[in-house]
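Novice: Kindly generate the corresponding structure for this input.
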Amino acid sequence: MEGSVAQGGPVPDTLKIVVAGGFGAGKTTLVSALSEVESLHTEEVMTSESVGVDDLDGVEGKTTTTVALDFGRITLDGSTVVYLFGTPGQRRFSFMWEELAQGALGAVVLADTRRLADSFDAIDFFESRGVPFVVAVNCFDGQRTHRAEDVRVALDVADGVPVLLCDARERESVKEVVVELVSLVLRLELSGA
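Specialist: All right, here's what the predicted structure looks like:
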């Protein structure tokens with residue numbers, strides 16, 4: 001029967017959002033905080049093989065790294081499900097970004113002001129492919145908080161790209177980021193951009 005699943009309910013609309021950003025920015029944490037189900041992570045313990053390959057400046061306490069993806073799910077209403085796909089942050093895993101971004105509604109670029117330059121690869125990736133994105137600045141405990149507009153200037157993102165401050169550990173904070181991304185996509189659809 002068209003428009004229904006075996007249990008008789010409506011077929012859910014599914015949306016895909018990609019969460020990208022630099023190594024150690026908090027992507028795995030963001031997906032975990034937002035997902036209504038236990039999120040899937042492909043994290044591995046960092047070994048001596050990563051010495052000289054992974055730059056730990058600013059994230060010296062980091063002991064694991066995502067090697068494939070993070071995955072989570074949010075149900076917005078009875079008929080809309082959002083799937084979250086978190087990318088690995090290191091450049092050597094960037095080949096995965098193309099696959100993960102395919103069919104995405106949009107993206108969240110999670111920025112860490114301790115390592116702001118690490119955001120450029122993700123921003124360039126989404127800009128070059130015309131994927132709508134927002135920049136979410138992860139405000140870590142004990143770290144100086146920068147104004148969103150100062151981060152916009154530092155990252156040289158267009159005025160039309162929302163830049164928000166968030167705490168990737170806090171569900172409500174991250175929900176605001178996703179709502180802003182969906183609002184951006186709707187504005188772009190309505191304007192025909």
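Novice: Show me the shaky parts of this protein.
Specialist: 1-12, 39-68, 90, 92-93, 142-144, 193 (pLDDT under 70).
Novice: which residues of it fall in strands?
Specialist: 13-21, 40-45, 64-77, 80-86, 106-111, 133-138, 163-166 (DSSP state E).
Novice: Make JSON lines from those strands and add mean neighbour count to it.
Specialist: To be clear about C-beta, it is placed using only N, CA and C from the backbone, and glycine gets the same treatment. As requested, these are arranged in JSON lines below (neighbours: other CB atoms under 10 Å):
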{"stretch": "strand 13-21", "mean neighbour count": "22"}
{"stretch": "strand 40-45", "mean neighbour count": "14"}
{"stretch": "strand 64-77", "mean neighbour count": "17"}
{"stretch": "strand 80-86", "mean neighbour count": "21"}
{"stretch": "strand 106-111", "mean neighbour count": "28"}
{"stretch": "strand 133-138", "mean neighbour count": "26"}
{"stretch": "strand 163-166", "mean neighbour count": "20"}
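Novice: closest one to Ser183 among these?
Specialist: Of all the strands of the chain, it is strand 133-138 that lies closest to Ser183, at 9.2 Å by CB to CB.
Novice: need the longest helix for the protein.
Specialist: helix 171-191 (DSSP state H).
Novice: and that helix, what other elements does it pack with?
Specialist: In terms of contacts (3 or more CB pairs under 8 Å, 6 or more residues apart in numbering; DSSP states H and E), helix 171-191 is packed against helix 27-34, strand 106-111, strand 133-138, strand 163-166.
Novice: what about Asp150, neighbour count?
Specialist: 13 (other CB atoms under 10 Å).
Novice: Spit out the contact partners of it.
Specialist: Contacts for Asp150 (CB atoms under 8 Å, 6 or more residues apart in numbering) come out as none.
Novice: That one and Asp118, how far apart?
Specialist: Between Asp150 and Asp118 the distance is 17 Å, computed by CB to CB, to the nearest Å.
Novice: could you dump the helices and strands packed on helix 171-191 to JSON lines with distance to Leu100?
Specialist: Converted to JSON lines, those look like this (distance: least, CB to CB, whole Å):
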{"stretch": "helix 27-34", "distance to Leu100": "11"}
{"stretch": "strand 106-111", "distance to Leu100": "9"}
{"stretch": "strand 133-138", "distance to Leu100": "13"}
{"stretch": "strand 163-166", "distance to Leu100": "21"}
